[in-house]
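Novice: Just the structure for this:
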Amino acid sequence: MPSSTLRDDRHSKVNTSTTTTMTTTPTSTMRRSTAVTLQVTTPEYEPVISRILLLIWTFLLVVTWILLVVAFTLPDWVEGTEPTDDPDFPFLDRQVGLFRQCEQYTPLNDNVVTGFGAERCFSTGFNKSNIDAWYAAGVLFVIGVIFLSMTIVLALVATIRANGWVAALAKLSMSITSIFFLIASILFPLGFIYLDDRCPAGTEEGQCGLRCTDPTAGMDYFTLCGPYGVGAASFLMFAALVVFFISSFCAACVRSA
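Specialist: Here you go, the predicted model:
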């Protein structure tokens, strides 16, 4: 009796192990087939995803280019209305930019005298600039826009031809562009301190001679005194850099090979 019981126990253990083996085999087979299916189907969608990311990246780069070009054409990087010593024209509206400056006297009444009350604009870019930091910022912004244009062309070619090497060149061009934009965006507020300096050659000179409302206050690095503040062009420049920064995330997700 004990020996027969032992045989029955062994027989049941063998049956149990066989059943377990049979039940686990389909599961492992399903796992293998699922893994094979994922490996086969996933690469099919990669070119489509990469092309979509390239399109979004190119679009954001174009938006950055447009915002920067519009900002360069505007004079109101810094703007304000300061009082004057003329009783007939007590206020002077000034818009000071990297490349252009506009001034307009505001009359006390609605009668506008010829030669006054009309807006007067003149160039302040490059060799006409009185602020070295702004001169350098303008040069760096222009070089950055040139590299940005190259990046847009390369990204567009990579989108059309689905070429990973062209995408890699576009990323390299974008990295160089970001360096120029970063330095230029820092130099711009560093030049604020020179805006209230006396103009070296009269009233035709730009980027100088701004008067603060408070005689004890003055311009400083990254700081403007009243009544002056940053204008629409500065906000456009800031928006362009934000869009450019967002586009870098798309660039990081694009395959370069």
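Novice: can you pull the pLDDT of Thr37?
Specialist: For Thr37, the pLDDT comes out at 40.
Novice: now do Phe244
Specialist: 97.
Novice: Please apply the same query to Thr84.
Specialist: 84.
Novice: That one contacts Phe91, correct?
Specialist: Yes: counting by Cβ atoms under 8 Å, Thr84 touches Phe91, with 6.6 Å between them. Yep, even glycine has a C-beta here, placed from its N, CA and C like the rest.
Novice: what touches both of those two?
Specialist: Common contact partners of Thr84 and Phe91 (Cβ atoms under 8 Å, 6 or more residues apart in numbering): Tyr105.
Novice: Cys253 touches Leu54, doesn't it?
Specialist: No: Cys253 is not in contact with Leu54 according to Cβ under 8 Å; the separation is 9.7 Å.
Novice: more neighbours, the two?
Specialist: More neighbours surround Leu54 than the other of Cys253 and Leu54, with 25 against 13 (other Cβ atoms under 10 Å).
Novice: so how far is Leu190 from that one?
Specialist: From Leu54 across to Leu190, the span is 36 Å (Cβ to Cβ, to the nearest Å).
Novice: Next: Leu154.
Specialist: Distance from Leu154 to Leu190, by Cβ to Cβ: 32 Å.
Novice: what residue ranges in this protein are flagged as low confidence?
Specialist: 1-46, 108-118, 201-204, 256-257 (pLDDT under 70).
Novice: cutoff 50 now
Specialist: Along the chain, the model assigns pLDDT under 50 to residues 1-7, 10-25, 27-42, 112-115, 203.
Novice: in it, which spans are strands?
Specialist: Assigned by DSSP state E, the strands in the chain fall at 78-83, 91-96, 100-106, 120-123, 229-230.
Novice: any chance of those in TSV, plus mean neighbour count and distance to Val62?
Specialist: Putting these into TSV (neighbours: other Cβ atoms under 10 Å; distance: least, Cβ to Cβ, whole Å) gives the following:
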stretch	mean neighbour count	distance to Val62
strand 78-83	18	27
strand 91-96	20	27
strand 100-106	19	24
strand 120-123	14	27
strand 229-230	14	25
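Novice: what's around the nearest residue to Cys225 once chain neighbours are set aside, how many residues?
Specialist: If the residues on either side of it in the chain are set aside, Cys225 comes closest to Cys212, at 3.8 Å by Cβ to Cβ, 6 or more residues apart in numbering. Cys212 has 18 neighbours, counted by other Cβ under 10 Å.
Novice: Quick one: residues contacting Cys212.
Specialist: Contacts for Cys212 were tallied using Cβ under 8 Å, 6+ apart; they are Glu82, Asp196, Gly218, Met219, Cys225, Gly226, Pro227, Tyr228.
Novice: Which of these are buried? Put it as a ChimeraX command.
Specialist: Here is the ChimeraX command that selects the buried residues among the contacts of Cys212 (16 or more other Cβ atoms under 10 Å):
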select :82,196,219,225,227,228
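Novice: and which of the contacts of Cys212 is nearest Gly97?
Specialist: Closest approach to Gly97 among the contacts of Cys212 (Cβ to Cβ): Tyr228, at 12.7 Å.
Novice: Spit out the contact partners of the closest one.
Specialist: Tyr228 sits next to Val78, Glu79, Gly80, Glu82, Arg94, Leu195, Leu210, Cys212 when contact means Cβ under 8 Å, 6+ apart.
Novice: Include distance to Lys128 when you put the residues you listed into CSV, please.
Specialist: Compiled in CSV, those are given as follows (distance: Cβ to Cβ, whole Å):
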residue, distance to Lys128
Val78, 16
Glu79, 19
Gly80, 21
Glu82, 22
Arg94, 16
Leu195, 15
Leu210, 17
Cys212, 24
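Novice: Select, from those residues, the two members most distant in space.
Specialist: Farthest pair in the contacts of Tyr228, by Cβ to Cβ: Glu79 and Cys212, 14.1 Å.
Novice: shouldn't Ser247 be in contact with Thr64?
Specialist: Yes: counting by Cβ under 8 Å, Ser247 touches Thr64, with 6.8 Å between them.
Novice: Which of the two has more residues huddled nearby?
Specialist: Higher neighbour count among Ser247 and Thr64: Thr64, with 26 against 22, using other Cβ under 10 Å.
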